[in-house]
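Participant: here you go, sequence then predicted model.
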Amino acid sequence: MSRLSLMIDMERCIGCKSCEAACKAEHGLGPGENRNRVVWLGDTTQPALDFLTLSCQHCERPACLRACPVAPKAIFKDPDTGVVRINEDRCTGCGECVIACPYGAMGYDAIDHHAVKCDLCHDRRAVGRKPACATVCPGEAITFGDRDDHLETIRAEGRRAVDHDAFLLNPSNIFLERIKASAPTAEGFTMAGRHRPAVIDDPKRRQALSPDDVVFPYRSTREQRAPDKIISGGCTICFNCCPTQYHLKDGKVIRVTGNEDDPQWKGKVCPKSQFLLQLHNSPDRLTQPLKRVGERGEGKFEPISWDQALDEIAAKLEAVRAEHGPEALALFAGTRTGTLTRKGYIRLFTQMWGTPNFTDTEPFCSEAKAVAYDQTIGMLGSGNSYTPGDLGSAALYVYFGDNQAESRPVHFGMINDWRLKNGAKMVVVDPRLTVTASKADQWFGIRPGTDLALALALAHHVFEHDLQDQRFCDNWVEGWDAWRDYLMAKGYSPDWAAGITGIEAAQIRALAEDIARADGCVMFAARGVNQHANGTQTNRALMFLAAITGNIGRKGGAFFNFGTPSPVVANAPADRIRHPEKPMAGVNPARWLDAMQTADPYPIRAFITCNNPLSAWPHQDRVREAFKSLDLLVHIELFANETSAYADYVLPAATGVEKGEISRASEDRRVVWIDKVIEPPGQAKADGWIWIELGKRFGFDDVLQDKYKDSALFWDEMCINDPWMKGCTQKRLHSVPWRWVRVPVTDEDAPEIETLHLEGTTALGSPEGHRFPTKSGKLEFWSPAQEAKFQALGFSALPEFYTDREQLIDLPYAVRTADGTAVRSPFAKTPADTVTSRIVQPDANSPARALKARGFDMQLITGRPAAPHFHSWTHYAWQAQEMWPDLYVQIHPAKAAALGIEDGREVTVETDHGQIRARAWLHAGIRLDTVFIPIGWDRAQPFHPWPSVNHLTDETQRDPLSDHANLKGYMCRVSARSP
């Protein structure tokens, strides 16, 4: 008899819970109903994270079958496959099988009163498809097949299976042990004694969800969920930009899956893509325009018509413009808004209106790396791609402040797969043992905000021992020798950096040699680098390190910091552009708060926002006060959130598949098209429709034409005029079943380019022989022109070490110069004024010393939560709330014990800028002096409202070069709350 089974590789599982989402979607399961679960396992004495995917083990001697009291049995074993199944019509719901299963694999349907369990997707197998969990798994951790074949694979690869047959039931499923156990025991892997964090899969929180929180297709029959149409598209949430398929029935989306036709993704998606279904069908969606009738912040509104809303908004905008000028309108658009809206419709509106004050989330997420890339490489990202021949061919992967396993699970699954197949090494530099770090060969728990010191020391060691790629430096790097001499003169050695970073000098030397000698090293960085006051220079120093070791412009070598934005740019005719008379009030919208409250540098009186600044912006208390002072605040969104409560008008928007859209900035230059496949709910409208209709009130309809309410037409006619994008037409996007094209493509027939800037190539739009799109055609470290730019702001083009103002030890930091003279930023894309700064050494009067004297004895870092969440979006998906309901603070168990804090209990976290409450997650994999709190929560969310972590951050502590917000460098104190 064949025995079908799942083989689950714990070296590949990243705990993302995509398998849980797929299982619920496949079987129509609602809250509290599970056929599988992913269990997180930590350790209270050492840094450790493991993940165990639990489902029915399809035992040879099933305890559930023997416990079933029904005659004939409601549980039976398929004689041909060994799969244990339930006849739900016979099941009486007595629960004996649930109690009997020693693996906790039996679920229960409390509404229809019967047991539920994994049957290895019987209906999918009947038509030749593998189980849903094995199809979507981003890490390829779940393999479906015959048990004997799995055992042969284990023998061939020299792996070891977990012995989990303590009950002598002979389970069919197989768990592969970690290659290097994160919490080793003499017997190998064990769950006994492992720490299961109380904030994850909290049963009390799961019980709080009810069937009223779900809508069709959950809790419907398979026949009711059978699609009558499947349309390929993509996910618009994160930088993975995963190819998806939308399953429709009677004009409604009933399921979102990965696109199994895609030769690269092969159907793999994270849970967020699958949660999109719950956003389209959510009863919490905004469905009609609303007008405020109470005080700002009260959230009292009355429904009005679209004509009334747009007429009144237009009248108030005109009044603001008449009194204060066009620059008195500011606009802020986020991820939810969509690329077409941000770079198309809103851009055209602002060009004709004449305001410079329009931006998106870059000043909070990626402005620092954008400036660094632009100044060094001449484009805003890496030229590499997630293919086996490029990123997959590296011998070494080093992550600096990038928890890719949770922020971009599918891409990390690829990297981890290539690591295991090719025998590559992985190193993670992060203040905490993240999921990414849990898979690494080495983890260095660096002091927050000191990655710049580490980068300087790594380069120092490379040059000191002549480990640089001399040929590459001589031919393709301008100013490399100035960089070398500068490092030596400053004494930025590993010994110097050790006391700053908390990483031993010998470890720094070893890492430098690994990077220099590897046959291809990919250095990843992300928000953990960007969101500090030294983010620009840290990114540049890491790029310099990649360059001197020959790891830029090659396959298997890169400096890789998130997405490479495609140059999607819509421009109004030259005679319709009203050029702003004044510069931006600030590159970072946090600077706009001064303009809103004190008219510095000039008044901002009207604000239109398309996401949730009352969760995302720093110093939340001040943001609220600034918003109260406005003459007009308009909020365009899918759901009501904290920002909505402060708006004068709330306008209901559409999701990507309700309007037609492209993906956001893909990490590897892919543009993914999403067709409009359904109508938005109620009176909700596509963002493009809103801007076109508002534009009519100001005579903009000759440019923002009615025909451009068709987003596909708008794309072809207005958005792909850059040479990079010329060939990325609707025709080409729809010519492949996965609906994406990797740019640049200069015409519809141009081939895609796997890796840009290879030796012997010329950068698009550059003179012949210019390998990189810079003025010199080389990577640029230092030149007289570059030095002049940095000197204008008080810095050198050769990065000097400094860090955040609030540090637990004495370290240099940047302060504004005493006179505060405004200067034009040499780096801003739109003309903007900033101020000069200088680097100072701490003294007796330094802010950090004063904070330490007041008891602020820990370092706060913030960042992305686990894979099921992304900013505010996913907090309206009930299944994300099942998985990760509560705001938490990761804290070291030893520190927690000293403060009397228990796992899962509420605590108070306080900085000099505010305080919040959160639940404690005791995690030995975080520095003793550091706590971590994720972003994305706010008090207006429907299931588990919590305050935003940005009540603890400060709008004034920004990177002086890029104006990027510092969201990760604050001193704090933590205390237990009374029960």
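Facilitator: Received, thanks. Bear in mind the structure is a predicted one, so any value in this text is a computation, not a measurement.
Participant: measure Thr335 to Asn845 for me?
Facilitator: As defined by C-beta to C-beta, to the nearest Å, Thr335 lies at a distance of 41 Å from Asn845. Placement of C-beta: from N, CA and C, glycine included.
Participant: ok, those two, which is more surrounded?
Facilitator: The neighbour count for Thr335 versus Asn845, taken as other C-beta atoms under 10 Å, is higher for Thr335 (23 against 7).
Participant: so what's the residue count around the closest residue to the more buried one other than its chain neighbours?
Facilitator: Of all residues beyond its chain neighbours, the one nearest Thr335 is Arg664 (6.0 Å), with distances taken as C-beta to C-beta, 6 or more residues apart in numbering. For Arg664, the neighbour count with other C-beta under 10 Å is 26.
Participant: pLDDT weak spots in this protein?
Facilitator: When residues are selected by pLDDT under 70, those of the chain lie in 1, 181-192, 208, 820.
Participant: tell me the domain boundaries of it?
Facilitator: With automatic domain parsing as the criterion, the domains of the chain are listed as 4-196, 382-562, 847-976.
Participant: for Cys610, find the nearest of the ones you listed.
Facilitator: Judged by C-beta to C-beta, the one of the domains of the chain that comes nearest to Cys610 is domain 847-976, at 12.1 Å.
Participant: for the protein, what's the longest strand?
Facilitator: For the chain, the strand reaching the highest residue count under DSSP state E is reported as strand 914-922.
Participant: what residues sit buried inside that one?
Facilitator: Taking 16 or more other C-beta atoms under 10 Å as the neighbour-count basis, strand 914-922 is seen to contain the buried residues 914, 916, 918-922.
Participant: possible to save these as CSV with distance to Gly656?
Facilitator: Supplementary listing: the buried residues of strand 914-922 in CSV, determined by distance: C-beta to C-beta, whole Å:
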residue, distance to Gly656
Gly914, 34
Ile916, 32
Ala918, 32
Arg919, 33
Ala920, 37
Trp921, 33
Leu922, 39
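Participant: which one of the residues you listed is nearest Ala126?
Facilitator: The closest of these, once distances to Ala126 are taken by C-beta to C-beta, is Trp921, at 42.1 Å.
Participant: hang on, isn't that closest one packed against Val889?
Facilitator: Yes. Shown here, Trp921 and Val889 form a contact pair, counting by C-beta atoms under 8 Å, at 6.7 Å.
Participant: what about Pro723, which SS state?
Facilitator: Reducing the assignment at Pro723 to three states with DSSP: H, G, I helix; E, B strand; the rest coil gives coil.
Participant: just checking, it touches Val743?
Facilitator: No. The pair Pro723 / Val743 is not scored as a contact, 9.8 Å apart, by C-beta under 8 Å.
Participant: higher neighbour count, these two?
Facilitator: For the pair Pro723 and Val743, the greater number of neighbours falls to Val743 (26 against 15), based on other C-beta under 10 Å.
Participant: so the more buried one touches Val671, yeah?
Facilitator: Yes. Val743 lies in contact with Val671 (C-beta under 8 Å); the separation is 5.8 Å.
Participant: tell me which helix or strand Glu20 sits in.
Facilitator: Element membership of Glu20 [criterion: DSSP states H and E] is helix 18-27.
Participant: off-centre distance for that helix?
Facilitator: Its chain's C-alpha centre lies 21 Å from the corresponding centre of helix 18-27 when counted by C-alpha atoms, centre = their mean, to the nearest Å.
Participant: can you check stretch 548-568 too?
Facilitator: Average the C-alpha atoms of stretch 548-568, do the same for its chain, and the two points are 19 Å apart (C-alpha atoms, centre = their mean).
Participant: same thing with stretch 403-418?
Facilitator: That offset, for stretch 403-418, works out to 12 Å (C-alpha atoms, centre = their mean).
Participant: could you dump it to PDB, C-alpha only?
Facilitator: Extracted as PDB, the C-alpha positions of stretch 403-418 are listed here (Å, rounded to 0.1, in the frame of the first residue of the first chain):
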ATOM      1  CA  ASN A 403      14.300  40.700   7.900                       C
ATOM      2  CA  GLN A 404      13.500  39.500   4.400                       C
ATOM      3  CA  ALA A 405      11.900  36.200   5.600                       C
ATOM      4  CA  GLU A 406       9.000  38.200   7.100                       C
ATOM      5  CA  SER A 407       9.000  41.300   4.900                       C
ATOM      6  CA  ARG A 408       9.300  39.500   1.600                       C
ATOM      7  CA  PRO A 409       8.800  35.800   2.300                       C
ATOM      8  CA  VAL A 410       8.700  34.500  -1.300                       C
ATOM      9  CA  HIS A 411      12.000  36.200  -2.200                       C
ATOM     10  CA  PHE A 412      13.600  34.900   1.000                       C
ATOM     11  CA  GLY A 413      12.300  31.400   0.200                       C
ATOM     12  CA  MET A 414      14.200  31.600  -3.100                       C
ATOM     13  CA  ILE A 415      17.400  32.800  -1.500                       C
ATOM     14  CA  ASN A 416      17.200  30.100   1.200                       C
ATOM     15  CA  ASP A 417      16.500  27.400  -1.400                       C
ATOM     16  CA  TRP A 418      19.600  28.500  -3.400                       C
END
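Participant: center of the chain, which residue is that?
Facilitator: The chain has Ser407 as the residue nearest its centroid, 4.0 Å off, counting by C-alpha atoms, centre = their mean.
Participant: verify the stated contact: that residue with Ala526.
Facilitator: Yes. The pair Ser407 / Ala526 is scored as a contact, 6.8 Å apart, by C-beta under 8 Å.
Participant: pretty sure Ile230 is touching His247, no?
Facilitator: Yes. Proximity of Ile230 to His247 meets the contact threshold set by C-beta under 8 Å, at 5.4 Å.
Participant: so between those two, which is more surrounded?
Facilitator: Legend: neighbour count by other C-beta under 10 Å for Ile230 and His247, higher for His247 (21 against 13).
Participant: SS state for that one?
Facilitator: At His247, secondary structure determined by three-state DSSP is strand.
Participant: and it, what is it in contact with?
Facilitator: By C-beta atoms under 8 Å, 6 or more residues apart in numbering, the residues touching His247 are 227, 229-230, 253-257.
Participant: 10 Å instead, please
Facilitator: For His247, the residues meeting the contact criterion (C-beta atoms under 10 Å, 6 or more residues apart in numbering) are 25, 217, 225-231, 253-257, 277.
Participant: do Phe358 as well
Facilitator: With contact taken as C-beta under 10 Å, 6+ apart, Phe358 is in contact with 329-333, 342, 346-347, 349-351, 580, 584, 589, 608, 830.
Participant: emit the PyMOL select command for whichever of these are buried.
Facilitator: One line in PyMOL is enough to select the buried members of the contacts of Phe358, burial here meaning 16+ other C-beta under 10 Å:
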select buried, resi 329+330+331+332+333+342+346+347+349+350+351+580+584+589+608
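Participant: nearest to Gly660, of the contacts of Phe358?
Facilitator: Proximity of those to Gly660 was ranked by C-beta to C-beta; the top entry is Arg342 with 14.8 Å.
Participant: tell me the contacts of the nearest residue to the closest one once chain neighbours are set aside?
Facilitator: Here the nearest residue to Arg342 in space, its sequence neighbours aside, is Ala333; by C-beta to C-beta, 6+ apart that works out to 4.6 Å. Under the criterion of C-beta under 10 Å, 6+ apart, the contact list for Ala333 reads 339, 341-343, 345-347, 358-361, 608-611, 636, 687.
Participant: in strands, which of these fall?
Facilitator: Residues from the contacts of Ala333 lying in strands, with DSSP E as the criterion: 358-359, 608-609, 636.
Participant: run a quick neighbour tally on the closest residue in space to Asp202 that isn't next to it in sequence.
Facilitator: When the adjacent residues along the chain are set aside, Asp202 lies closest to Pro885, with 6.1 Å between them (C-beta to C-beta, 6+ apart). The criterion is other C-beta under 10 Å. On that basis, Pro885 has 23 neighbouring residues.
Participant: among the contacts of His247, the buried ones, what's the PyMOL command?
Facilitator: Selection of buried members from the contacts of His247 for PyMOL, criterion 16+ other C-beta under 10 Å:
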select buried, resi 25+217+225+227+231+253+254+255+256+257+277
